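K.L.:
my questions concern the predicted model and sequence given below.
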Amino acid sequence: MRRLSHSMLIALAGVSVALAACQAPADPPAAEAMAPTADMAPAADATPAADAAPAADAAPAADAAPAERPRFVAPIRGEAEIGYLKPDVKVQGNQVVTTIRMKNLSNGAIAGLRVEEFWWDRNNNPLPADSQRLSKPLMPQEVAEIVLRTPKANDMARNSYKFSHANGAIKTQLLTTIE
């Protein structure tokens with residue numbers, strides 16, 4: 001029984017110490033306690049008003065613009081619409097590089113936008129191709145560019161593109177310019 005009493009007393013003391021450590025002080029230290037002592041001389045350019053006001057209470061500078069919070073736009077579920085320019089296809093070394101510039105024409109963000117390029121030879125046999133995905137959602141009226149790299153083959157005859165996104169299909173529209 002005596003051992004149980006000692007255990008309870010130690011546990012109660014531990015809880016009391018833990019609660020005391022977690023609580024904030026009852027009253028903040030007075031300004032006089034924070035005032036410099038005789039052996040700590042204030043700097044020549046310091047003013048008493050500057051010493052009394054803590055740095056946390058200082059107002060932000062008038063010329064500093066407040067940071068704008070990112071806007072949340074709900075991603076589109078189902079069919080989304082994008083406009084794109086005619087793809088720019090160039091041969092660079094042993095690769096065919098296709099650059100596609102596109103714009104979100106929908107009212108919501110397009111999450112997980114993926115562009116797939118398919119190549120065929122003269123006999124309609126499929127050839128190796130590339131697929132790329134945008135890492136962030138494409139916001140409404142935002143313009144993005146995707147670069148597709150495909151190994152060059154001598155018998156490449158034609159290609160096509162497929163657009164899709166994480167929540168459905170894409171309706172495409174060929175544009176002459178993107179603003």
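P.N.:
Thanks, I have the structure now. Residues are numbered from 1 along each chain as shown.
K.L.:
please, which helix or strand holds Glu145?
P.N.:
Using DSSP states H and E, Glu145 sits in strand 143-151.
K.L.:
let me fix that: Gly14
P.N.:
Using DSSP H and E, Gly14 sits within helix 2-22.
K.L.:
what do you get for Gln173?
P.N.:
Secondary structure from DSSP H and E places Gln173 in strand 168-174.
K.L.:
pLDDT averaged over that strand, what's the number?
P.N.:
Average pLDDT, strand 168-174: 93.
K.L.:
in its sheet, what does that strand sit against?
P.N.:
Note on strand 168-174: by DSSP bridges, its sheet partners are strand 80-84 (parallel), strand 156-165 (antiparallel).
K.L.:
sorry, back to before: residues in contact with the strand holding Glu145?
P.N.:
94-104, 113, 115, 117, 119, 127-132, 134, 138, 178 (CB atoms under 8 Å, 6 or more residues apart in numbering). From N, CA and C alone the C-beta is placed, and that goes for glycine too.
K.L.:
those in strands, which ones?
P.N.:
95-104, 115, 117, 119, 127, 131-132 (DSSP state E).
K.L.:
pick out the most distant pair among those residues.
P.N.:
The most widely separated members of those, counting by CB to CB, are Asn104 and Leu127 (30.2 Å).
K.L.:
who's more crowded, the two?
P.N.:
Just comparing Asn104 and Leu127: by other CB atoms under 10 Å the higher neighbour count belongs to Asn104, 23 against 17.
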